[in-house]
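Undergrad: Give me the fold of what follows.
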Amino acid sequence: MSHIKLALPKGSLQESTFALMKKAGWTFNVGSRSYMPTVNDPEITARLVRPQEIARYVELGLLDAGLTGHDWIYENGADVVEVAELCYSKATSNPVRWVVAVPVDSTIQSVKDLEGKRIATEAVGLTRRYLSEHGVNAKVEFSWGATEVKAPELVDAIVELTETGSSLRANNLRIVDTVLTSTTRLIANKEAWEDADKRKKIEQLALLLCGALYAENKVLIKMNAKKADVAAISRVLPSLHAPTVNTLSDPSWVAIETVLDESIVREIIPKLKASGASGIIELAINKIVP
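TA: The predicted structure follows:
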């Protein structure tokens with residue numbers, strides 16, 4: 001039996017990670033003060049770890065695999081296997097961004113204007129590399145939190161992670177530039193990846209997590225129709241491929257099913273009904289594995 005030590009992100013990504021894992025087939029439970037979740041899979045031992053640290057522990061082999069952001073892999077310079085890109089975050093399925101932000105009335109308009117300035121950030125290495133690439137010398141200091149409130153009284157600018165930009169706007173800040181765009185990655189220790197049993201388990205995680213994400217915002221639509229109406233109904237239906245059509249016990253009737261983006265269902269159902277469909281059912285989908 002293969003067995004892996006898996007790190008899950010503690011903090012803002014924890015809830016969305018647990019939800020994604022459940023759709024993929026793994027149910028994790030953890031107490032409010034615990035860092036060791038239980039899981040319905042004897043082949044996995046899980047740990048909750050701050051995402052900033054996961055890549056480093058995976059590189060060292062203290063953990064076999066983990067979910068963390070590309071930004072923290074880059075920040076730590078971690079030598080790990082990036083098994084899969086998983087486009088989900090705290091609030092949306094969009095990538096997150098590390099951005100340079102300044103007060104709305106600041107004279108700073110570009111990266112060149114950061115010359116000689118003081119910048120606060122949690123991602124010190126990432127920020128220093130960004131400045132170096134642009135030939136800018138500035139003082140970069142580590143921020144222990146509440147970075148948005150430090151400008152302009154304590155620093156001239158910040159480099160901060162944003163998903164929607166709402167927190168920056170709430171603190172009267174504007175974005176000057178994007179330092180790095182990041183998505184969540186499933187990563188593996190190199191030695192664990194070379195172990196056939198561990199690799200099989202990690203690849204299973206990757207396959208089903210990607211399948212769960214692919215199914216996000218998609219639904220299965222099923223309906224019955226007369227054979228004579230199939231062509232008209234098919235013209236209404238966009239689908240991943242062609243809709244599936246099966247003959248019913250009454251040979252003049254068929255069952256039709258297809259996968260749709262949930263956002264268009266409210267527009268499609270009246271058209272299906274008008275085209276002759278009946279008994280229309282909408283079902284949620286946990287996973288789609290192409």
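
Undergrad: What are the boundaries of the helices in the stretch 51-200 of the chain?
TA: 51-60, 70-76, 124-133, 166-170, 190-194, 196-214 (DSSP state H, counting those that start in this stretch).

Undergrad: I'd like the average pLDDT over the longest one.
TA: Yep, that's helix 196-214 we're talking about. Averaging pLDDT along helix 196-214 yields 96.

Undergrad: same thing with stretch 164-180?
TA: Across stretch 164-180, the average pLDDT comes to 92.

Undergrad: What are the buried residues along it?
TA: The neighbour-count check on stretch 164-180 (16 or more other CB atoms under 10 Å) flags Leu168, Asn171, Leu173, Arg174, Val176, Asp177, Val179, Leu180 as buried. The C-beta positions use only the backbone N, C-alpha and C, and glycine is treated the same way.

Undergrad: and what of stretch 276-285?
TA: Gly276, Ala277, Ile280, Ile285.

Undergrad: and Val76, what is it in contact with?
TA: Rather than Val, residue 76 is Asn. Asn76 makes contacts with Gln52, Ala55, Arg56, Glu59, Gly125, as judged by CB atoms under 8 Å, 6 or more residues apart in numbering.

Undergrad: Kindly report the same for Glu122.
TA: Contacts of Glu122 (CB under 8 Å, 6+ apart): Gln52, Phe142, Ser143, Gly145, Thr147, Glu160, Leu161.

Undergrad: Against Asn286, how distant is the closest residue to the fourth one other than its chain neighbours?
TA: Leaving aside its sequence neighbours, Gly145 sits nearest to Glu122 (CB to CB, 6 or more residues apart in numbering; 7.9 Å). Glu122 is 34 Å from Asn286, where distance means CB to CB, to the nearest Å.

Undergrad: now do Arg185
TA: 22 Å.

Undergrad: Please enumerate residues in contact with stretch 273-290?
TA: By CB under 8 Å, 6+ apart, stretch 273-290 touches 23-25, 207-208, 210-212, 214-215, 218-226, 228-229, 232-233, 235-236, 240, 256, 259, 265, 269, 272.

Undergrad: Mind checking the helices of the stretch 51-200 of the chain for the one nearest to Lys112?
TA: helix 124-133 (10.3 Å; CB to CB).

Undergrad: Wasn't Pro42 part of a helix?
TA: No: under DSSP: H, G, I helix; E, B strand; the rest coil, Pro42 sits outside any helix and is assigned coil.

Undergrad: what about it, how many residues close to it?
TA: Residues within reach of Pro42, counting by other CB atoms under 10 Å, total 8.

Undergrad: any weak-confidence spans in this structure?
TA: Applying pLDDT under 70 to the chain flags the ranges 1, 90-93, 239-241.

Undergrad: Can you pull the domain assignment for it?
TA: 4-92+183-214, 96-182, 218-284 (automatic domain parsing).

Undergrad: Columns distance to Pro290 on top of those, output as CSV?
TA: As requested, those are exported to CSV (distance: least, CB to CB, whole Å):
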stretch, distance to Pro290
domain 4-92+183-214, 7
domain 96-182, 24
domain 218-284, 8
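
Undergrad: Please verify my assumption that Ala101 contacts Val176.
TA: Yes: the pair Ala101 / Val176 is scored as a contact, 6.7 Å apart, by CB atoms under 8 Å.

Undergrad: what residues do those two have in common as contacts?
TA: Shared contacts of Ala101 and Val176, defined by CB under 8 Å, 6+ apart, are found at Ala157.

Undergrad: what residues are up against Ile119?
TA: Val100, Thr127, Ala138, Lys139, Val140, Glu141, Val155, Asp156, Ala157, Ile158, Val159.

Undergrad: If we use 7 Å, what do you get?
TA: Residues near Ile119 by CB atoms under 7 Å, 6 or more residues apart in numbering: Thr127, Ala138, Lys139, Val140, Val155, Asp156, Ala157, Ile158, Val159.

Undergrad: same check, this time on Gln52
TA: Listed by CB under 7 Å, 6+ apart, the contact set of Gln52 reads Trp72.

Undergrad: now it: how far from Gly135?
TA: In terms of CB to CB, Gln52 sits 28 Å off from Gly135.
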